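**Student:** need coordinates for the below:
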Amino acid sequence: MVEQDLDLLEKNDDIESTNNPPPDTSFRRRSYIIDPSVKDYTTSFEFDKNPVFKPSEVSEGDYIETSEELETYLRSCYREYTEVVVYNTKTDYRQKFERQDLINWYRENFDASEVPFHFLILQDGRIQVCQNINTVTNHTTATNHLDRSISIAFVGGFKNGYQDIDTCSPAQWKTFSKFLKMFYTILPGGQVWGHSDINDKAFDPGFNVVSYVEKAFGSRNTLTVDQARRLGAVSVERLIDLSRARGFR
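**Tutor:** Prediction:
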């Protein structure tokens, strides 16, 4: 659906990545700059409410604001997924965009017709459904990861045209942690990667995701980065076999 769009995005990465060092938390790169559009938000991701929607009725653009809603929606997926891939949207942290804003921005700056991530972490901490969880989206050109992955992106991640993930809000980081906690609850042996882990041409999300999940959750990916790039997102059965082969319990 958006394969050409992602090609354009990652061609932009290829051009800019020449002679650049490997990605780390201090790495910053140029990006397109437009005047920030600042919005005021009053809500945040909360964990003391009851679900307010049926998964079958969720549409692109809807918000997920509670842990119950998130669990219900993740469990509703009839497509097998075994990994989460993490991104940022390559937009300035002062551009407090939501889904439609990003669609307009990607169209203007990247000639892209769609934003391919399944979830957006908005700067107020809410999660917005960007693409239906049952849809296989072209969120990366590492196509062997598409069928069994879900993608989530921090809205922002850039400051004055350079990648700076530290500009993401505390509410975003809190929600990211809660999202992964729920993912591991549903799929204890699931894999979590940064985009740059599975695609050596990428630089986002701007922090070491593998180290983050090891420190935050004590979770180690079954696959190494090299295996992930070579094998892609594997089935649950294959993941169990590979985990046993590595001596994981």
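**Student:** what are the ranges of the helices in the chain?
**Tutor:** All helices of the chain, identified by DSSP state H, fall at 3-17, 67-75, 99-110, 170-186, 195-198, 209-217, 225-231, 236-245.
**Student:** which one of these is the most hemmed in?
**Tutor:** helix 195-198 (a mean of 24; mean count of other C-beta atoms under 10 Å). Where C-beta positions appear, they are placed from N, C-alpha and C, glycine not excepted.
**Student:** quick one: mean pLDDT over that helix.
**Tutor:** Helix 195-198 carries an average pLDDT of 98.
**Student:** counting by contacts, list what that helix packs against.
**Tutor:** strand 83-88, helix 225-231 (3 or more C-beta pairs under 8 Å, 6 or more residues apart in numbering; DSSP states H and E).
**Student:** tell me the strands beside the first one, with direction?
**Tutor:** What that stands for is strand 83-88. strand 149-154 (parallel), strand 191-194 (parallel) (DSSP bridges).
**Student:** may I see those organised as TSV, with distance to residue 229 and mean neighbour count added?
**Tutor:** Listed next are those as TSV, based on distance: least, C-beta to C-beta, whole Å; neighbours: other C-beta atoms under 10 Å:
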stretch	distance to residue 229	mean neighbour count
strand 149-154	13	24
strand 191-194	10	25
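**Student:** quick one, which of those strands is nearest to residue 216?
**Tutor:** Set against residue 216 and scored by C-beta to C-beta, the strands paired with strand 83-88 come closest in strand 191-194, at 10.1 Å.
**Student:** for this structure, which spans come out with low pLDDT?
**Tutor:** The model of the chain has pLDDT under 70 over residues 1-53, 248-249.
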